[in-house]
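Enquirer: next one to model:
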Amino acid sequence: MLEQFLPAIKDPGDYLTALSLFKADAPLTAEEAEKLLAVYARYLPEAEDPQYLKICLAADLLPGREREDAADFAPLELGEATLDALFAAKMVAAGKTDLTVQRAEEIVATVQNEDAAMAARVLLARLALDAMSASRDFALLRQQVTELAKFLTGCGTELLDRYTVLAGEVRIKCRR
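Expert: Residues are numbered from 1 along each chain as shown. A predicted model of the protein is given here:
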């Protein structure tokens, strides 16, 4: 998400804060995460939703990180269920997971886990549904496709509209 607004940042302090996201030698500190979230709040359209801002920041942290790097996300206080959904979304977006019936069932269970943040659940559902619909095994995944479609339909157009941009960003970042 940072790439969307980085060129628009005029304040040098905000710009330098945003660049702290790109450090590779250590995880974000709580202070850095707080400053970054404040920058995201100033430049992203959905600033009134702090959970969405955290998911956007987490999406920017995903590339180059694996589930074992969960400590890098600790300052965001996302919770295990949300991290599971984010890393599953990363794997789907990167094409690094075979969409078998078993894996599709795991994805549906993650999406239905209400302990995960709604933004992460919608993100995973959207990416997984897109991948499943393009899968050569679509007929085998019909039940899981139905469950994901039901979930997304229940979210409504406002949530889907809000998180569609996020899904596109994650898709681009994780395929690189």
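
Enquirer: secondary structure element holding the closest residue to A38 other than its chain neighbours?
Expert: Here the nearest residue to A38 in space, its sequence neighbours aside, is T17; by Cβ to Cβ, 6 or more residues apart in numbering that works out to 7.8 Å. Placement of C-beta: from N, CA and C, glycine included. Here T17 is covered by helix 12-19, with elements defined by DSSP states H and E.

Enquirer: by contact count, what packs against that helix?
Expert: Under the contact criterion of 3 or more Cβ pairs under 8 Å, 6 or more residues apart in numbering; DSSP states H and E, helix 12-19 touches helix 30-43.

Enquirer: just the buried positions in the helix or strand of the chain with the lowest mean pLDDT, please.
Expert: For the chain, the helix or strand with the lowest mean confidence is helix 2-5, at a mean of 79 (criterion: mean pLDDT, DSSP states H and E). Buried residues in helix 2-5, defined by neighbour count with 16 or more other Cβ atoms under 10 Å: 2, 5.

Enquirer: so, low pLDDT: which residues of the protein?
Expert: Counting by pLDDT under 70, the low-confidence segments of the chain come to 24-25, 46-47, 172-176.

Enquirer: that one: helices as residue ranges?
Expert: With DSSP state H as the definition, the chain shows helices at residue ranges 2-5, 12-19, 30-43, 50-61, 80-94, 101-112, 118-133, 142-175.
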